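Peer 1: how does the following fold in three dimensions:
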Amino acid sequence: MHGQHASARVDGQGRRSLCRALGMAVLGGLMVIAAASSDAQQAPKQVLMLQSLHRGNLVLDQFIGDFRVQLDERVGESVNVVPMVVGPTGFVGAPNQAAVDYIRSLYADRPPPDLVMSVGGPAAAFVRQYRRQLFPEAPLLFASVDERYLRNAPLTDNETAVAVVNDFPRLIDDILQVLPDTKQVFMIVGSGSLGQFWRRVLEGEFTRFRDRLTFIWSDDLSLTDILGRVASLPSHSAIVYLTFGTDALGGAYADEQVLASLHAAAKAPMFGAFTPLFGHGIVGGSLMSIGGLARKTADVASQILKGAPPSSLRTQAQSPGEPTFDSRELERWGIPESRLPGGSVVQFRSPSLWAEYKRAVLAAVAALIFQSLLIAWLLYERRARQRAEIDSRRNLTLAADADRRQTIAALTSSIAHELKQPLSSILHNAQALQIAAERSPSPLGPAEEILADIKAEAVLAAQIIERHRLWLRTHQIQKTAVDIRSVISDSLALVAHDVGIRQIETILDLSSTPCRVTGDPVLLVQVLVNLLRNAVDALAETPPGTRRITIGSKVNTANVEVSVHDTGAGLSAELLDNLFSPFVTTKPHGLGIGLAITQGIVQAHDGTLTVQNNPDAGATFTVVLPRHATPRSEPSRALDSLDSRLTTGRGG
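Peer 2: The predicted model follows:
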C-alpha cells in the first residue's frame, strides 16, 4: 500500500510538471507572436518641415495644408509632420545656432526624421548652412524655392527640390496691359530682413521698367503709414501685394487682415502673384498655383518616404499659370475685359438668372412658348377670317365693277351709234352751207366763222367718240408728233363757253420754246379738257372776282410739264390719297371715272399725272410727258393697268 501510495504521488507530480511545461511553452509562443505583431506595426513616417514664415501667411498656410492632405493620400497612412520656423522670422532675437540646438534636442531620444524639407528661400538657406548638424544622412527636399537659388547651390545625391519661377516682371506686364496709363507702382513687401531682401531682388528685376514706372516700397513703413499711403495714391497708380509678415515697427500681421485693410482704403487697384491672395481684394494677374505646387511637392515627398532616392526625383520648376482676374475688382476699377491678356480666366462673375433660377426660368420659358404658340394660332385664325372677308368683299367689288364697265361700254357704243348720224348730218349740212356761202356773191361775215366752228366741233366730237370706242374695245393708241401748245389751245377752245359763263379768268403761262411730243392728239386734248372741267367745277363756290385758272407749260431737257392751277377750295388729305381711284368723286352727280381715265391716258403716253394743294388756295394738276417718246403699236401696258383698276376698284 505504502509502495502504491508512493508510486501514486510520483505520477501526480509528473503530471503537474508536464502541465507547467506546456503552460510555459504556450506563454512563450504568445510572447513571440506579440513581439512579431509589434514589429509588423511600423512607426509612422517622420517629416521635419522647416518653414520660412509663421502662420498667418496665406501662401504658406495653403501650401502646408494642401501638402499634408496630399501626402497622407499618397503614402496611404498618416505621416507625422513636425513644423519649425527658421530663418529671419524664427526664434526672434536668437541666433540660428539656438534653433539648431533646439531641433537636435527634439530628436535626442528618437530616430532621426525620414525626410527633412524646407519651405521657402530663407528656410532653404538655413538648412543648407546647417546641413551637417541637422541629420546629414536624412534625405533633403527643398520645396517652394526659387530656381535661381539652386543655380548657385547645386543639389547633392541625397537632395532634391520642387522649385518655382518667380516671374514678377510678368506681373508688372499684366498690370501695364490692363492699366496702360499706370505711372507708379506701390510694392508691399513687409519689413525687416525679408522685406529688404525682396526689395533688393525686385529692384534688379524691374530695371527694364525704369523709364516708364516709379516704384514705391513699403519695407520702411508701418502698417498705419502704408494704409495712409494707399489711400492717397495719385491717379494712374497700382498696388502689388507680395507678402507682409511684420511692419517697420515690428508688429506682426496676418495677410488676411492686411489685405482687408488695404482693400478698404486703397484708391488704386491691387495685384498679386499667388493664388491664395485671389479673392481677397486683388484684381488678379499671372498667378502661381500654390495648390498645384503642393501636389507636386507631395508627389516627390511620398516617393522619398517609400524609398526612392532623391537623386532620381528631379522635377521642372513651376511657372506662373494663366492670367486670372476677379470680375468684382474689374468692375470696381472700371477695367474692361477687352484689355485682359489672351487666355485670361475671369472668376467671381455675378451669378446669372439662369444659374440661380434654372428651373424657374425653364418653367417660365415653357409657359411663354406655349402662350406664344396659342397667340400665334389665334392670330392666324383671325387673319384667315379677315382674308376670307376681304376676298368676299373683293369678289363683290369685282362683280360690281364688271357690271359698271359693261354698262359704260354699252352706253358708249349706244352713244357712238346714235350720235354718229346726227353729227354726220351736221357735218354735211355745214359743208353744204359753206359751199353755198362761197358761191353766194354777198359776204356772210360772222356766219362763215360760225359754220367753220360747227364743222370743227362736229369733226372733233366724232373723233373723240370714235377714239374712246376704239380704246375701250382694242386698248390701242395711234401716236403722232403733237405740239403741246396746240393741245392746250384746242382744249381751251372746248371749255371756253363754260369758262365765260362762270366768269372765270384764264391765264396762260406757256414756255416760249416750241416742243413736240409723241402722242394721240385727241386723247391728249381729252386729258386737258378733263383737268380744265375739274378746275371749273372746283371754282363753283369761289367768289367771281377771284376765280382764276392758270395753264402753264415748262420745257425740260427730257420732258414737258403742263400744269392746271385753280384758286378753288383745294382737296382734303383723304381725297388726295385716293383721287385717281375709280369711282372716287366730289361731284354730286359724277361717276368718278374721269380722273382714272385721264391718268390711264397719261400713263399710256409714258407720262405721269400728279396733284397737290397750293399754298394759298386751290389745287394744281401736273402732267409730265416725255419729249422723245417711242411710238408703240402694241397694246399699252398702262391701259391694261387702267382696265385692271377699273375692274378691281383700286386706284393707281
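
Peer 1: quick one: the strands in the stretch 201-350 of the chain?
Peer 2: Chain-ordered strands for the stretch 201-350 of the chain, with DSSP state E, counting those that start in this stretch as the definition, fall at 214-217, 237-241, 270-272, 284-286, 323-326, 345-347.

Peer 1: nearest to residue 44, of these?
Peer 2: Across the strands of the stretch 201-350 of the chain, the minimum distance to residue 44, taken as CB to CB, is reached by strand 270-272, at 36.4 Å. Backbone N, C-alpha and C define where each C-beta goes, glycine included.

Peer 1: name the helices or strands packed onto that closest one?
Peer 2: Here strand 270-272 is seen to pack against helix 168-178, strand 237-241, strand 284-286 when contacts are counted using 3 or more CB pairs under 8 Å, 6 or more residues apart in numbering; DSSP states H and E.

Peer 1: with mean neighbour count added, can I get those in a markdown table?
Peer 2: Shown next, in a markdown table, are these (neighbours: other CB atoms under 10 Å):
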| stretch | mean neighbour count |
| --- | --- |
| helix 168-178 | 19 |
| strand 237-241 | 24 |
| strand 284-286 | 26 |
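
Peer 1: how about JSON lines for these, with distance to residue 113 and mean pLDDT added?
Peer 2: Shown next, in JSON lines, are the helices and strands packed on strand 270-272 (distance: least, CB to CB, whole Å; pLDDT from 0 to 100):
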{"stretch": "helix 168-178", "distance to residue 113": "33", "mean pLDDT": "93"}
{"stretch": "strand 237-241", "distance to residue 113": "34", "mean pLDDT": "94"}
{"stretch": "strand 284-286", "distance to residue 113": "36", "mean pLDDT": "89"}
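
Peer 1: minimum distance to residue 200: which of those has it?
Peer 2: Nearest to residue 200 among these is helix 168-178; the distance by CB to CB comes to 13.0 Å.

Peer 1: quick one: the closest one to strand 237-241, angle?
Peer 2: 150 degrees (axes from the mean of the first three to the mean of the last three CA atoms, to 10 degrees).

Peer 1: which other helices and strands does the helix or strand following helix 168-178 contact?
Peer 2: In the C-terminal direction, the helix or strand that comes right after helix 168-178 (DSSP states H and E) is strand 184-188. Counting contacts by 3+ CB pairs under 8 Å, 6+ apart, strand 184-188 is packed against strand 214-217, helix 223-231, strand 237-241.

Peer 1: model confidence over the longest one, on average?
Peer 2: Looking at helix 223-231 alone, the average pLDDT works out to 93.

Peer 1: which elements pack onto it?
Peer 2: Here helix 223-231 touches strand 184-188, helix 255-265, going by 3+ CB pairs under 8 Å, 6+ apart.

Peer 1: could you check how far the last one is from the centre of its chain?
Peer 2: How far helix 255-265 lies from its chain's middle: 37 Å, per CA atoms, centre = their mean, to the nearest Å.

Peer 1: could you measure from residue 350 over to residue 260?
Peer 2: Distance of residue 350 to residue 260, given as CB to CB, to the nearest Å: 21 Å.

Peer 1: one more: residue 59?
Peer 2: 16 Å.

Peer 1: the more surrounded of those two?
Peer 2: Neighbour count, other CB atoms under 10 Å: between residue 59 and residue 260, residue 59 has more, with 23 against 13.

Peer 1: my guess is that one meets residue 276, correct?
Peer 2: Yes: at 5.1 Å, residue 59 and residue 276 qualify as touching, with contact defined as CB atoms under 8 Å.

Peer 1: any residues in contact with both of these two?
Peer 2: Counting by CB atoms under 8 Å, 6 or more residues apart in numbering, the residues touching both residue 59 and residue 276 are residue 290.

Peer 1: where does the closest residue to residue 85 other than its chain neighbours land on pLDDT?
Peer 2: Leaving aside its sequence neighbours, residue 85 sits nearest to residue 51 (CB to CB, 6 or more residues apart in numbering; 5.0 Å). Among the per-residue scores, residue 51 holds a pLDDT of 86.

Peer 1: the one 4 residues further on too?
Peer 2: Per-residue confidence (pLDDT) for residue 55: 75.

Peer 1: which residues does it contact?
Peer 2: Taking CB under 8 Å, 6+ apart, one finds residue 61 in contact with residue 55.

Peer 1: let me know the secondary structure of it.
Peer 2: Classification of residue 55 using DSSP: H, G, I helix; E, B strand; the rest coil returns coil.

Peer 1: roughly how far apart are it and residue 72?
Peer 2: Here the distance between residue 55 and residue 72 works out to 20 Å (CB to CB).

Peer 1: on that earlier part again, so which of the helices and strands packed on strand 184-188 is the most surrounded?
Peer 2: Here the criterion is mean neighbour count by mean count of other CB atoms under 10 Å, and of the helices and strands packed on strand 184-188 the winner is strand 237-241, at a mean of 24.

Peer 1: which strands and helices sit next to that one?
Peer 2: With contacts defined as 3+ CB pairs under 8 Å, 6+ apart, strand 237-241 has these neighbours: helix 168-178, strand 184-188, helix 255-265, strand 270-272.

Peer 1: out of the ones you listed, nearest to residue 199?
Peer 2: Among the helices and strands packed on strand 237-241, strand 184-188 comes nearest to residue 199, with 7.5 Å by CB to CB.

Peer 1: and after the worst-scoring helix or strand of the chain on mean pLDDT, which helix or strand comes next?
Peer 2: Ranking every helix and strand in the chain by mean pLDDT, DSSP states H and E puts helix 2-40 at the bottom, with a mean of 42. Downstream of helix 2-40, the next assigned helix or strand under DSSP H and E is strand 46-51.

Peer 1: any residues touching the helix or strand that that following strand is followed by, and which ones?
Peer 2: Next helix or strand after strand 46-51 toward the C-terminus (DSSP H and E): helix 58-75. By CB under 8 Å, 6+ apart, the surrounding residues in contact with helix 58-75 are 45, 47, 49, 51-53, 55, 78-79, 81, 83, 119-120, 143-144, 243, 255-256, 259, 274-277, 280, 290-291, 293-295, 297-299, 301-302, 305-306.
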